[in-house]
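Asks: What follows is a predicted structure for the sequence shown.
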Amino acid sequence: TGVYPGEPVEASGAPLSVELGPGLMGSIFDGIQRPLEVMRAVEGDFINRGTKVDALSREKKWDFKPLLDSGEEVAGGTVLGTVQETEVVEHKVLVPPNVEGRILEISGGKHKINEAVCILEGGAQLSMMHTWPVKKPRPIKKKLIPREPLITGQRVIDVFFPISKGGTAAIPGPFGAGKTVAQHQFAKWSDADIIVYVGCGERGNEMTEVLDEFPQLEDPRTGRPLLQRTILIANTSDMPVAAREASVYTGITIAEYFRDMGYRTALMADSTSRWAEAMREISSRLEEMPGEEGYPAYMGSRLAEFYERAGRIKTHAGLEGSLTVTGSVSPPGGDFSEPVTQNTLRITRVFWGLDARLAGRRHFPAIDWLKSYSLYGEDLREWYSQELGEKFKSLREEALSILQRENELLEIVQLVGADALPASDRLLLQTAKVLREDFLQQDVFDENDTFCSLKKQLNMLSLIIKSHHQAQKALTQGASIEKIIEDPLYVDLSKMKYAPEKKLLESVSELKEKINKSFTGGGDIG
């Protein structure tokens, strides 16, 4: 911590708090909200102990546009006015929680964030920023049932294991399974308005990668650089343990602040295991009674407190916002029975289990479709039916059953070989292969496949399932299974994911016609 025996210590009288106001967006902070770029300018590449700088610039002036007039009543969470923070994000200046009264005076124009822009009757002065303790959840009026999915652009998630806006998800996996790359994909392409990415105890080059890539990548919805809607909390493995323990709280408090503005916010924590290890280290120094594997007995409740701050909510000012939390877990040796993983799975409602064998086969995302689950299916059913039609549910269920049946058949194949199976089972293995390699697997480095819209996902899935039905029909009419498997149609199906969305949607009817010809005797099959 940098504090030695015999040194004078003076209590501030306040818990660890963060500054909330214009200037957060596009910034990179450490675990206790010190801006790293500002510290580098002051200290150089290596930061000395005890360096203290303001989290938000006190010199920059922001153009404040008031939305209220003198005489109006305000309370905690009321929007006083707006500031255009980036080209993408309009920052809504909020009345701090637990403050209320009638406006005496409000002034627009350019102001520094610590200058009063509003004076209430009784003399209370409100500026564009306020502070909030990181371990205290920001007050809300009520929690709402999540009804809309967070679209990530990853087919295995959006189709099979969706997460709602305001949901919680865990991504456990062994070393090298792709947890960080998966979190980067969510941060890049998910349809949230604000992204808060917390690098907690992981390698520094992973944060460097985010800083290098995000300014160059365009948000598919706005066309602007992704960094303009992103806040980074970097607390890498070489930073102090105490700050690592604080970093996830810092991140979620900032995310709650933007949620209170009515934005759809998403927080990615990578990795919560390092946070739990920091808790264990601090607990042992405090000489607390250890629990399982040396973790403190209260670790489960701390994890629960963190994840329960997620949700779709209504503020006291009547605004509706959401905060989605995805936390990666790094169990030693990929052992999902260890305490951090088990406690996380008890709390979260989505489990994306990463498989080292899939990762070893270069299958990305390496999410095991046999172990993973989502408990939001029922809540989101109505949304999917309205957006994608009633057939989506049956397509999804059939695809999952094909993949599950393939897993059963592979045990037999290992014993007797695929040629010993009946033709119907060999066809099922072929369709499962297409689903695995051409639907579930995505190429992060291909501009058309790194993000896949829901419309494209639906068309790809429906064409694969249609080809399966037509091939089954051809089998009953006496077609040879060898000719079906060798049909060039499968090459066309494998190219779908690399096709630009517009081009694929234009060629859907052509592909359907090709499927009909290939599997009804009009093509190579007799």
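Replies: Looks like it came in fine. Numbers count the residues shown, from 1 in each chain.
Asks: Could you tell me the phi and psi values at Met129?
Replies: Per-residue torsions, Met129: phi -130, psi 160 (degrees, to the nearest 10).
Asks: ok, it - contacts?
Replies: Residues touching Met129, when contacts are defined by C-beta atoms under 8 Å, 6 or more residues apart in numbering, comprise Glu19, Leu20, Gly21, Pro22, Leu56, Ile113, Asn114. In short, each C-beta sits where N, CA and C put it, glycine included.
Asks: try 7 Å
Replies: Glu19, Leu20, Gly21, Leu56, Ile113, Asn114 (C-beta atoms under 7 Å, 6 or more residues apart in numbering).
Asks: Redo these as a markdown table? Include secondary structure.
Replies: Formatted as a markdown table, the contacts of Met129 follow (DSSP: H, G, I helix; E, B strand; the rest coil):
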| residue | secondary structure |
| --- | --- |
| Glu19 | strand |
| Leu20 | strand |
| Gly21 | coil |
| Leu56 | coil |
| Ile113 | coil |
| Asn114 | coil |
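Asks: Among these, which pair sits farthest apart?
Replies: When the contacts of Met129 are compared pair by pair using C-beta to C-beta, the farthest-apart members prove to be Leu20 and Asn114, with a separation of 12.5 Å.
Asks: Identify the residue nearest Gly178 in space, chain neighbours excluded?
Replies: Closest residue to Gly178 apart from its sequence neighbours, by C-beta to C-beta, 6 or more residues apart in numbering: Ala366 at 4.9 Å.
Asks: Number of residues surrounding that neighbour?
Replies: 27 (other C-beta atoms under 10 Å).
Asks: so it makes contact with Leu358?
Replies: Yes: using C-beta atoms under 7 Å, Ala366 makes contact with Leu358 at a distance of 3.9 Å.
Asks: So what touches the helix or strand bottoming out on mean pLDDT in the chain?
Replies: The weakest-scoring helix or strand in the chain, judged by mean pLDDT, DSSP states H and E, is helix 204-213 (a mean of 82). The contact list for helix 204-213 (C-beta under 7 Å, 6+ apart) reads Ile28, Thr180, His184, Tyr197, Gly199, Leu232, Ala234, Thr236, Asp238.
Asks: Pull out the buried positions in it.
Replies: For helix 204-213, a neighbour-count test (16 or more other C-beta atoms under 10 Å) marks Glu206, Met207, Val210 as buried.
Asks: can you redo those residues as a markdown table with distance to Glu85?
Replies: Compiled in a markdown table, the buried residues of helix 204-213 are given as follows (distance: C-beta to C-beta, whole Å):
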| residue | distance to Glu85 |
| --- | --- |
| Glu206 | 26 |
| Met207 | 22 |
| Val210 | 19 |
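Asks: The contacts of Met129, buried ones only, as a ChimeraX selection?
Replies: Here is the ChimeraX command that selects only those of the contacts of Met129 that count as buried (16+ other C-beta under 10 Å):
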select :19,20,21,56,113
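Asks: And the residue nearest to Val99 when sequence neighbours are not counted, its phi and psi?
Replies: Leaving aside its sequence neighbours, Val99 sits nearest to Gly76 (C-beta to C-beta, 6+ apart; 5.7 Å). Per-residue torsions, Gly76: phi -50, psi 130 (degrees, to the nearest 10).
Asks: Quick check: bridge partners of Ser328?
Replies: Counting by DSSP bridges, Ser328 is bridged to Ile171.
Asks: Can you report how many residues lie near the residue nearest to Val99?
Replies: One way to gauge burial is a neighbour count; for Gly76, by other C-beta under 10 Å, it gives 17.
Asks: The residue nearest the centre of the chain: which element?
Replies: Most central in the chain under C-alpha atoms, centre = their mean is Phe186, positioned 4.5 Å from the mean C-alpha point. Here Phe186, judged by DSSP states H and E, is contained in helix 179-189.
Asks: How far does that helix sit from its chain's centre?
Replies: Remark: helix 179-189 is offset 7 Å from the chain centroid, using C-alpha atoms, centre = their mean, to the nearest Å.
Asks: in it, what's buried?
Replies: Residues of helix 179-189 classed as buried by neighbour count (16+ other C-beta under 10 Å): Lys179, Thr180, Ala182, Gln183, His184, Gln185, Phe186, Ala187, Lys188, Trp189.
Asks: May I have the residues that are in contact with the closest residue to the last one other than its chain neighbours?
Replies: The shortest distance from Trp189 to any residue other than its chain neighbours is 3.9 Å, reached at Gly153 (C-beta to C-beta, 6+ apart). Under the criterion of C-beta under 7 Å, 6+ apart, the neighbours of Gly153 are Trp189, Phe451, Cys452.
Asks: I'd assumed the second one was in a helix, is it?
Replies: Which is Phe451. No: with three-state DSSP as the criterion, Phe451 is assigned coil and is not in a helix.
Asks: just to revisit the earlier point, tell me the one among the contacts of Gly153 nearest to Ile347.
Replies: Comparing these against Ile347 with C-beta to C-beta picks out Trp189 as the nearest, at 25.3 Å.
Asks: I'd guessed the closest one sits against Thr152; true?
Replies: Yes: contact between Trp189 and Thr152 holds when scored by C-beta under 7 Å: they sit 6.1 Å apart.
Asks: Just the mean pLDDT for the lengthiest helix in the chain, thanks.
Replies: In the chain, taking DSSP state H as the definition, the longest helix is helix 391-416. Averaging pLDDT along helix 391-416 gives 94.
Asks: Equivalent analysis for stretch 166-177, please.
Replies: Averaging pLDDT along stretch 166-177 gives 94.
Asks: Report the buried residues of that stretch.
Replies: Judged by neighbour count (16+ other C-beta under 10 Å), stretch 166-177 contains these buried residues: Gly166, Gly167, Thr168, Ala169, Ala170, Ile171, Pro172, Gly173, Pro174, Ala177.
Asks: ok, now how distant is the second one from Leu150?
Replies: Spelled out, it's Gly167. For Gly167, the distance to Leu150 equals 7 Å [C-beta to C-beta, to the nearest Å].
Asks: shared neighbours of those two, which are they?
Replies: By C-beta under 7 Å, 6+ apart, Gly167 and Leu150 have these common neighbours: Thr324.
Asks: what's next to the host helix or strand of Leu358, contact-wise?
Replies: Mapping Leu358 onto the secondary structure by DSSP H and E places it in helix 356-360. Counting contacts by C-beta under 7 Å, 6+ apart, the residues outside helix 356-360 that touch it are Pro174, Gly176, Ala177, Gly178, Gly334, Ala366, Asp368.
Asks: So for it, what gets flagged as buried?
Replies: Of the residues in helix 356-360, those with enough neighbours to count as buried (16+ other C-beta under 10 Å) are Ala356, Leu358, Ala359.
Asks: May I see those arranged in CSV, with pLDDT as well?
Replies: Shown next, in CSV, are the buried residues of helix 356-360 (pLDDT from 0 to 100):
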residue, pLDDT
Ala356, 92
Leu358, 94
Ala359, 93
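Asks: Quick one, grab the pLDDT at the nearest residue to Gln442 once chain neighbours are set aside.
Replies: Here the nearest residue to Gln442 in space, its sequence neighbours aside, is Asp449; by C-beta to C-beta, 6+ apart that works out to 5.3 Å. We have a pLDDT of 95 for Asp449.
Asks: Many thanks, I have nothing further to ask.
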